[in-house]
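K.L.:
mind folding the following:
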Amino acid sequence: MVDLDGELEVVGRVADSSNLAILARLMTPTGGGAERHVIYKPVRGERPLWDFPDGTLAGREVAAGVVSTLGGWHVVPPTVMREGPLGPGSVQLWVGDPFAPVSSDLVVDLVPTGAAPAGWFSVFDGETPTGAGVTVVHSGADDVRSLAVLDAVINNSDRKGSHCLRDENGRLWGIDHGVSFSPEPKLRTVLWGWAGQPLRAADREKLRRLSAALCEETVQATLGELLPERDLAALAGRVERLLSKGRHPRPSGGWPAVPWPPL
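P.N.:
This is a model prediction of the structure:
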């Protein structure tokens, strides 16, 4: 278990974030141990959205980590709700070196039209500003497939390619889950390669584990502090539908299927 207590020393703002996101250094009380960086998203820095209640995005970030752990996905970096320099907000361990170039092309990439690598899925075709034809593709690895199931569970409406990372050990991580858990169908993702295909046995087992956990009073209390009551009920309903149908969802047609920008 990663300890995310300790004073937060602000390093700087993440400029391309739609809400206030702050890179901070986690200062341990003793000053010893390896230096850790976190991403701090204060509630007061959330911009109003028409389809999510005000002041709930930080709680959704934390709830995604709780659900990931309960089902056995373990793909959301350690995340907590706590006080910070700008008040309460979500604090998540930063994956990798915050000062090194970040690349998500081990999970999602852009290739010339029709040139998907072996074992990868094509999502859609487009073109660059210069008019060159390209295809958005994603890896067909089992851990990426499991992440797609988690996204269906939490109703993630913003699974961009840059939100899928592999660390220096090759471990997959998913980040940025503030616009998840809506009770309305809003799944919007670049990981559509398995749409309509049967769920793997390993992913059905994760869903069963999560379904059982959601019946526990302590879990309901924990998630109830992070999500509105209606959203929590919808979460349980999505898990049961996925188990009943036994297949990856398809785009609904009533909501944009891919986030913008996709990468």
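K.L.:
can you list the weak-confidence ranges in this structure?
P.N.:
Scanning the chain for pLDDT under 70 picks out 1, 29-34, 101-105.
K.L.:
which parts of it are helices?
P.N.:
57-71, 142-154, 201-213, 217-224, 229-245 (DSSP state H).
K.L.:
relative to Thr189, which of those helices is closest?
P.N.:
Among the helices of the chain, the nearest to Thr189 by CB to CB is helix 142-154 (5.4 Å). To be clear about C-beta, it is placed using only N, CA and C from the backbone, and glycine gets the same treatment.
K.L.:
next, the contact list for the residue lying closest to Arg230 once chain neighbours are set aside, please.
P.N.:
Using CB to CB, 6 or more residues apart in numbering and skipping residues adjacent in sequence, the residue nearest Arg230 is Pro183, 5.0 Å away. By CB atoms under 8 Å, 6 or more residues apart in numbering, the residues touching Pro183 are Arg230, Asp231, Ala233, Ala234.
K.L.:
among these, which ones are buried?
P.N.:
Neighbour counting with 16 or more other CB atoms under 10 Å marks Asp231, Ala234 as buried within the contacts of Pro183.
K.L.:
ok, which pair from the contacts of Pro183 is furthest apart?
P.N.:
Spatially, the most separated pair among the contacts of Pro183 is Asp231 and Ala233, at 7.4 Å (CB to CB).
K.L.:
count the neighbours of the closest residue in space to Glu240 that isn't next to it in sequence for me.
P.N.:
Spatial nearest neighbour of Glu240, excluding adjacent residues (CB to CB, 6+ apart): Ser211 at 6.6 Å. By the criterion of other CB atoms under 10 Å, Ser211 has 16 neighbours.
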